[in-house]
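Asks: Build the 3D model from these lines:
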Amino acid sequence: MAGKRKMRETGGNAGTESGDGGLGMDCGITRRDFLNATLLASGGLLLNSVSPVELLAEQKASQENSSDDSWTGYGGVGDYANSNGNTRAVLEAGHQIRDGLFDGPPAGVVETGETYDLVVVGGGISGLAAALIFERQAGPGKTCLVLDNHPIFGGEAKRNEFLVDGHRLTAHQGSALFQVNYPHSFIERFYQSIGLEKPRLEYQKWAGPDPEIALTTTPYLASAPYGLYFGAKFGQPQGVWLSDRSRQKLEGAPISATAREELLKFQSPNSAQAPRYRGDAISRRLDTMTLEDHIMESHGISRETVRTFLSTDEGGAFGLGADALSGYTAYAFDALGGLADQEPQMFPDGNSGIARLIVKTMIPESIAGERTLEDVCRNNVNFAALDRAGASARIRLDSTAVWLKHDGEPEKSESVTVVYTRGGKTYRVKARSVVMAGGSWTTKHIVRDLPDDRREAYSQFHRSPCMLANVAVRNWRFLYKMGISGCQWFEGLGTYLQIRKLALCGGDSPTIGPDSPVVLTIKVLYSHPGHTAEDQGHMGRAEMISTPFREYELQIRQQLTEMFARSGFDASRDIAGIILNRWGHAYASPAPGFYFGKDGKPAPGDVLRAAPFGRIAFANVDLSGMPDHKSSIIEGNRAVEQVLDQVLRD
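Replies: This is a model prediction of the structure:
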């Protein structure tokens, strides 16, 4: 695949001739061209109950004579060039599991002859943390293998890199920021153990002749000046902007008096009493209602206002609109701790920096240089060092676990058979214990002897998709001219963007100004109000998979042109590169009853966390209902402790 995913030759500015209104759709940028209407046609099939496997197979068949991986698209440069989101290869392998290709005993398996004390399924932060903690606590001579289905470790904690006019630009693919924690907390001690001893990072400084405008250190809207945009949905075909000052009171907003009153009311303190601790009467009541109902009740505003202006903003950390989520999601992250008076921190590549620190600590030769923030962020991964024979800890990439089963009765067995696919072949290893650190959507299919209580628990886990579009632009002066460094909108693709200062440990330049090339990150969620969390996940994945790259690119160009052309933005000139990171199961989306159970049944996460099943323990951020990398680490640590205490006691 790597040899097929090349950057196009830089071409001329022929946008107006192609009928795209001068948007530059046929300019030579860092993206792939997608084939005519193939994806549009197959997308219609998906919406008519055709499985993603059949959809991708149809796309592949139509591209037999093409050298392009037209669904995945260009992935940038550097270590992550072949791993932007769920690539087509990753989706195909995952959907083969779901659609039953490995339901029977695996045939034609290649015996590796390997036996490990622990096999970790999933190379995201939860799986990597579990492997490192096992290496430290299991004692000398114990071995661990991590199986990861992607071309590089990290799960959603990955980066995109562009080369633009001689500058190397970095952006995150998914998992973004981290908090400064209490100095004696488990997470803080873990950070220090992997080399993150000074979690307060240093960031770019302002440079240039222009007066400074405030910037954030994350891609999220915060205290920096930002504007609100109202377009055709609000009867404004030419668009109306509210500046930072006027948006505070919504002066001039083309909305009804009722909507304005309710939005201002939402900005005021609400009447709701926050939970005192996780599991108290308040939190349990919140888990019986939707987040939307909680917002309406606590602020006294209408459902229409919530869905039009607030839904994905309030529920965005869980991937869906507020109508499908548990009301307790408004407070769930409070249980993770962290110093509330400290601004969130962020590596230039998001939490890819944390994943790389974990791997560097576990396998010192995996990344060149010293175990410093600078070297880990800037130096390349030594892929050959990840899976060396004889090493106590190994990471095997492009390896999709498809079939796990105890050898004998689970409570009496001495080992687990683990089968995985790689490069079109199927392999088998033996494990004395297993930590399932992948997502709920695969674990429930992979573990073949999973008992009914765990299977029932996994049926209550819902995941929603997300696409993170990273758009490299040659400058952001079009925003600066408007007196803002970020903005929010309520129609079209995505809902916000924000210019940020990059941490110096991995940034291309120590300074930033309006003429600096930057990456605009647009997060796209797929909410369908009125449907269940499960159905919204299915509908969103259908939309994300079936929409061709070229259509998304056109939407991006149109969106940015509509909003910024009057301040000097020119899509054909200013856009230097586009990378789409499509995550089919990006977010854990807890529905009402997820946190504390319902109908007299325990919470599903509690069922899976309580104890191992035979020789298999369960990790992943899913179990906590708090989609944050700290939860990933905590769950990985708990699973390893269970393995060491209850499985590998001899």
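
Asks: which stretches of this structure have low pLDDT?
Replies: Within the chain, the stretches with pLDDT under 70 are 1-21, 28-69, 105, 337-341, 650.

Asks: Mind naming the longest strand for this protein?
Replies: strand 575-588 (DSSP state E).

Asks: which helices and strands sit right next to it?
Replies: Counting contacts by 3 or more CB pairs under 8 Å, 6 or more residues apart in numbering; DSSP states H and E, strand 575-588 packs against strand 159-164, strand 463-473, helix 533-546, helix 549-564. Any C-beta I mention is one placed from the backbone N, CA and C, and that applies to glycine too.

Asks: partners of the second one in the sheet?
Replies: Looking back up the chat, that one is strand 463-473. Here strand 463-473 is paired, per DSSP bridges, with strand 518-525 (antiparallel), strand 575-588 (antiparallel).

Asks: one step back: turn the helices and strands packed on strand 575-588 into JSON lines, columns for mean neighbour count and distance to residue 439.
Replies: As requested, the helices and strands packed on strand 575-588 are exported to JSON lines (neighbours: other CB atoms under 10 Å; distance: least, CB to CB, whole Å):
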{"stretch": "strand 159-164", "mean neighbour count": "25", "distance to residue 439": "20"}
{"stretch": "strand 463-473", "mean neighbour count": "25", "distance to residue 439": "6"}
{"stretch": "helix 533-546", "mean neighbour count": "21", "distance to residue 439": "12"}
{"stretch": "helix 549-564", "mean neighbour count": "21", "distance to residue 439": "24"}
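
Asks: which ones are touching the closest residue to residue 536 other than its chain neighbours?
Replies: Nearest non-adjacent residue to residue 536, counting by CB to CB, 6 or more residues apart in numbering: residue 528, 4.9 Å away. Counting by CB atoms under 8 Å, 6 or more residues apart in numbering, residue 528 touches 321, 535, 536, 539, 540.

Asks: what about 10 Å?
Replies: 320, 321, 323, 324, 535, 536, 537, 538, 539, 540, 543 (CB atoms under 10 Å, 6 or more residues apart in numbering).

Asks: between those, which is nearest residue 614?
Replies: Distances from residue 614 to the contacts of residue 528, taken as CB to CB, are shortest for residue 537 (29.6 Å).

Asks: Surely the closest one touches residue 543?
Replies: No: using CB atoms under 10 Å, residue 537 is not in contact with residue 543, being 11.0 Å away.

Asks: Identify the contacts common to the two.
Replies: By CB under 10 Å, 6+ apart, residue 537 and residue 543 have these common neighbours: 465, 526, 528.

Asks: roughly how far apart are the first one and residue 492?
Replies: By that I understand residue 465. Applying CB to CB, to the nearest Å, the value for residue 465 to residue 492 is 18 Å.

Asks: How about the second one?
Replies: Distance, residue 526 to residue 492, using CB to CB: 14 Å.

Asks: And the last one, by the same measure?
Replies: Distance check for residue 528 against residue 492: by CB to CB, it reads 16 Å.

Asks: out of the strands paired with strand 463-473, deepest packed?
Replies: strand 575-588 (a mean of 25; mean count of other CB atoms under 10 Å).

Asks: what about the strands in the stretch 251-400 of the chain?
Replies: Secondary structure of the stretch 251-400 of the chain (DSSP state E, counting those that start in this stretch): strands at 393-396, 400-406.

Asks: On the three-state scheme, the residue lying closest to residue 618 once chain neighbours are set aside is what?
Replies: Distances taken as CB to CB, 6+ apart place residue 608 nearest to residue 618, at 4.5 Å, with adjacent residues excluded. Here residue 608 takes the helix state, with states given by DSSP: H, G, I helix; E, B strand; the rest coil.
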